[in-house]
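>>> show me the folded form of this:
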Amino acid sequence: MLKAAHQLFSTPATDVPWEPFFFPGKRYLAFEPVQVGGRPALQVRAKSSVSILRQRFVPSLESVGRLSFSWRVDALPTDADLAVSSQADSAVRVVLAFDGDRTRWTPRNHRLSEMSRLLTGEEMPYASLVYVWSAKHAPGTVVVNPRTDRIRKLVVDSDVRNLGQWRDHVRDVRADFRLAFGEEPGPLRLVALMTDTDNTDSQLTAWYGALRLERASD
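Below you'll find the predicted structure:
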């Protein structure tokens, strides 16, 4: 699986491995290399689970520019709603986590970061921009995480119209970060793929195709 990830995914950190992240207390189902619709992909057969595959950058990457990625799903989580904590599942996500000035955080975000450190061994990133396929929100919508405003989701696919089809996206990361957070992005800490169906107790299959992350040209 990790060899397949390096073949499918391209970032400026060519020597940094892609690795699974196991969220405490959540069921993890593996990413498996397959061919679907004529394309190589990593497949997740989700079942009330949280599956995360990520690449961490130490030191963080400066000046991230364009991101291209593709994904495909056969269903969406039942009754999912990204704006409601108890229903905030998404069949596919691409997560970008950034560094920044934590002195600007609210006391609540500092408490949540400390809880994250105690639970996972890692502090909460300064800000996370998440590209999602939403069951309810229209493309272009920014959905603020119901627990913390330091995670904001940008909808790029919506509802069931394109189920069973490859969806290809090219995004200007800096422009999307400014849209979501109203400020310039800091250095990039990690990029991750995430399929989660634990809140809605759903089953579905998701596929991730090629992904390419580039540095900014200026």
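>>> list the buried residues in the host helix or strand of Gln7.
Here Gln7 sits within helix 2-8, counting by DSSP states H and E. Of the residues in helix 2-8, those buried by neighbour count under the rule 16 or more other CB atoms under 10 Å are 4-5, 8. Yep, even glycine has a C-beta here, placed from its N, CA and C like the rest.
>>> dump these to CSV, plus distance to Ser134 and pLDDT.
Below are these laid out as CSV (distance: CB to CB, whole Å; pLDDT from 0 to 100):
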residue, distance to Ser134, pLDDT
Ala4, 27, 75
Ala5, 25, 78
Leu8, 24, 91
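>>> ok, those residues vs Trp18, which is closest?
Ala5 (3.9 Å; CB to CB).
>>> distance check, that closest one against Ala210.
According to CB to CB, to the nearest Å, Ala5 stands 11 Å off from Ala210.
>>> next: Val170.
Note on Val170: its distance to Ala210, by CB to CB, is 12 Å.
>>> higher neighbour count, those two?
Set side by side, Val170 and Ala210 show more neighbours around Ala210, with 15 against 10, by other CB atoms under 10 Å.
>>> per-residue pLDDT, the more buried one?
pLDDT, the model's per-residue confidence, is 96 for Ala210.
>>> residues in contact with it?
By CB atoms under 8 Å, 6 or more residues apart in numbering, Ala210 lies in contact with 8-10, 39-40, 68-70.
>>> PyMOL command to pick out the buried ones of those residues?
Buried members of those, identified by 16+ other CB under 10 Å, are gathered into one PyMOL selection as follows:
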select buried, resi 8+9+69+70
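>>> columns secondary structure on top of the contacts of Ala210, output as a markdown table?
Listed next are the contacts of Ala210 as a markdown table, based on DSSP: H, G, I helix; E, B strand; the rest coil:
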| residue | secondary structure |
| --- | --- |
| Leu8 | helix |
| Phe9 | strand |
| Ser10 | strand |
| Arg39 | strand |
| Pro40 | strand |
| Ser68 | strand |
| Phe69 | strand |
| Ser70 | strand |
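>>> helices or strands next to the helix holding Gln7 in the packing?
Contacts of helix 2-8 with other secondary structure elements, assessed using 3 or more CB pairs under 8 Å, 6 or more residues apart in numbering; DSSP states H and E, are made with strand 39-47, strand 203-215.
>>> pLDDT on the first one, on average?
The predicted model gives strand 39-47 an average pLDDT of 96.
>>> is Phe177 in a helix, a strand, or coil?
Classification of Phe177 by three-state DSSP places it in helix.
>>> same question, the one 3 residues further on
Three-state assignment for Ala180 (three-state DSSP): helix.
>>> if we ignore the residues flanking it in sequence, what's nearest it?
Spatially, and ignoring its direct neighbours in sequence, Ala180 is nearest to Arg152 (4.2 Å; CB to CB, 6 or more residues apart in numbering).
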